[in-house]
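# Could you look at this predicted model? Sequence included:
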Amino acid sequence: MLFILKVLSGLQKPAGSVVIAKHLKEQGIDLSERAVRYHLRLTDERGLTELVTGRDGRIITSKGLKEIEKALVSDKVGFAISRIEHLAYRTNFNLDTRSGEIPVNISFFPRDKFKEAFEIMSPVFEKGLCVSKLIAVAQAGQKLGDITVPENRIGLASVCSIVVNGALLKAGIPMDSRFGGILQLQNHHAVRFTQVIYYNGSSLDPSEIFIKARMTSVKESAITGSGEILANFREIPAMCEPVTRRIVDNLKQAELNGVLAIGEVSEPLCEINVDVNKIGIILIGGLNPVAAAAEAGIEAENHSMCTVLEYKNLVDYREVSRWLKIR
């Protein structure tokens, strides 16, 4: 029933047993149309769905949406790491041709607050406290990847640090994603992690949690070079270091600057211990600009690590600044 609710939630329009069964099969769940209809009757009885067209077309109710958020929380533990692996696999960016899809975070801002938010975010982009200065903006009703911007909102797509995972994966380099955290900066240098949340023990993206808890000082970091920003910790096998550094350099040439620091073999990095014959890597958080806006009291609905976007559809943030007439 939970998977049926997820299908209806994603479709955002009435659907019957035929359509639902087809989408379930695409996800590896083989249910007959008859079985789907049986479960739909149960979801109707519980108020999770309702019949709106003909004798089979249903939509998910607000109660059904809440059920998706709350149900099977034990199954969601480690969900963050699953999303990382899924997006890394979907990344098909070609470093030579600079084409293909890259992972992005999506943030929805109130339409009347977007210009103010972007003024706050611009210095963060300028100082490079982000994965990339390349972004995408969309109006209500338009799409960013496979996500539609809601009414009275403006959508912002910011490049996600998983682009590094994807690039290394395509080169055959395994990357162990350990945690997301708060990284302390002093005089523009990374010092230590002050807070961490391990991906394999979390059902949410750590960055979203830290933003909601107002635990960052990204704006201050952009102005003074000292403060606390969002960052992520990864490990790679030591033997892969030369190829990794080459790929990181190629990513930088494509304006994808996700790597903040690369450590030494088996040596701690920013006070984080590293396994034997491994190298620690710190990736900068893609939602740092959004965190700066949140620090100023401008809330956004964030969907981190949620979809991929064509690299060619991204523009320099300064183009958006000119469009908004921000000096």
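Received the coordinates, thanks.
# quick one: low-confidence parts of the stretch 51-200 of the chain?
54-55, 71-79 (pLDDT under 70).
# One more pass at 80, please.
Filtered on pLDDT under 80, the stretch 51-200 of the chain yields the residue ranges 53-56, 68-80.
# just the strands in it please.
Residue ranges of the strands in the stretch 51-200 of the chain, as given by DSSP state E, counting those that start in this stretch, are 57-60, 101-110, 134-138, 143-144, 147-148, 153-159, 176-186, 189-198.
# Out of those strands, flag the one nearest Tyr317.
strand 134-138 (5.3 Å; Cβ to Cβ). To be clear about C-beta, it is placed using only N, CA and C from the backbone, and glycine gets the same treatment.
# Which residues in that closest one does the neighbour count mark as buried?
By neighbour count, with 16 or more other Cβ atoms under 10 Å as the criterion, the buried positions of strand 134-138 are Leu134, Ile135, Ala136, Val137, Ala138.
# from those residues, which is closest to Leu169?
Closest approach to Leu169 among these (Cβ to Cβ): Leu134, at 20.7 Å.
# Chain neighbours aside, what residue packs nearest to the closest one?
Leu314 (3.9 Å; Cβ to Cβ, 6 or more residues apart in numbering).
# While we're on the one you found, how confident is the model there?
Taken from the predicted model, the pLDDT recorded for Leu314 is 97.
# got it, and Gln27?
Listed pLDDT for Gln27 reads 67.
# The one 10 residues further on now?
According to the per-residue confidence, Arg37 scores 89 in pLDDT.
# Listing request: residues of the stretch 201-327 of the chain with sub-threshold pLDDT.
201-204, 326-327.
# Tell me which stretches of it form strands.
227-237, 259-262, 278-284, 301-310, 315-316.
# so which of the ones you listed gets nearest Val196?
Shortest distance between Val196 and those, using Cβ to Cβ, is found for strand 227-237: 7.5 Å.
# What strands flank the closest one, and is each parallel or antiparallel?
The partner list of strand 227-237 in its sheet, established with DSSP bridges, is strand 176-186 (antiparallel), strand 278-284 (antiparallel).
# Dump the strands of the stretch 51-200 of the chain into TSV; add distance to Lys278 as well.
Written out in TSV, the entries for the strands of the stretch 51-200 of the chain read as follows (distance: least, Cβ to Cβ, whole Å):
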stretch	distance to Lys278
strand 57-60	44
strand 101-110	23
strand 134-138	30
strand 143-144	35
strand 147-148	35
strand 153-159	26
strand 176-186	8
strand 189-198	16
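# Those strands: which one's closest to Met305?
It is, among these and with distance given as Cβ to Cβ, strand 101-110, at 6.6 Å.
# Which other helices and strands does the closest one contact?
helix 79-90, strand 153-159, helix 162-170, helix 288-295, strand 301-310 (3 or more Cβ pairs under 8 Å, 6 or more residues apart in numbering; DSSP states H and E).
# nearest to Glu241, of those?
Per Cβ to Cβ, nearest to Glu241 of the helices and strands packed on strand 101-110: helix 162-170, 11.4 Å.
# So which elements touch that closest one?
Where contact means 3+ Cβ pairs under 8 Å, 6+ apart, helix 162-170 is packed against helix 79-90, strand 101-110, strand 227-237, helix 241-253.
# for these, which one sits closest to Lys143?
strand 101-110 (10.1 Å).
# partners of the closest one, with directions?
Using DSSP bridges, strand 101-110 pairs in its sheet with strand 153-159 (antiparallel), strand 301-310 (antiparallel).
# Dump those strands into JSON lines; add mean neighbour count and distance to Thr97 as well.
Output for the strands paired with strand 101-110, formatted as JSON lines (neighbours: other Cβ atoms under 10 Å; distance: least, Cβ to Cβ, whole Å):
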{"stretch": "strand 153-159", "mean neighbour count": "25", "distance to Thr97": "18"}
{"stretch": "strand 301-310", "mean neighbour count": "20", "distance to Thr97": "12"}
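# quick one on the thing from earlier: including distance to Ser32, could the helices and strands packed on strand 101-110 go into CSV?
Converted to CSV, these look like this (distance: least, Cβ to Cβ, whole Å):
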stretch, distance to Ser32
helix 79-90, 27
strand 153-159, 38
helix 162-170, 36
helix 288-295, 44
strand 301-310, 30
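# returning to that earlier point: would you mind measuring from the residue nearest to Leu134 to Lys25?
With the distance defined as Cβ to Cβ, to the nearest Å, Leu314 ends up 33 Å from Lys25.
# same thing with Ala88?
Counting by Cβ to Cβ, the separation of Ala88 from Lys25 is 25 Å.
# Looking at the two, which has the bigger crowd around it?
Set Ala88 next to Lys25 and count neighbours by other Cβ atoms under 10 Å: Ala88 wins out with 22 against 11.
# Could you list which residues are in contact with the more buried one?
Taking Cβ atoms under 8 Å, 6 or more residues apart in numbering as the contact definition, Ala88 lies against Pro103, Ile162, Asn165, Gly166, Leu169, Met175.
# now, which of these sits nearest Ile282?
Checking the contacts of Ala88 against Ile282 by Cβ to Cβ gives Met175 as the nearest, at 12.6 Å.
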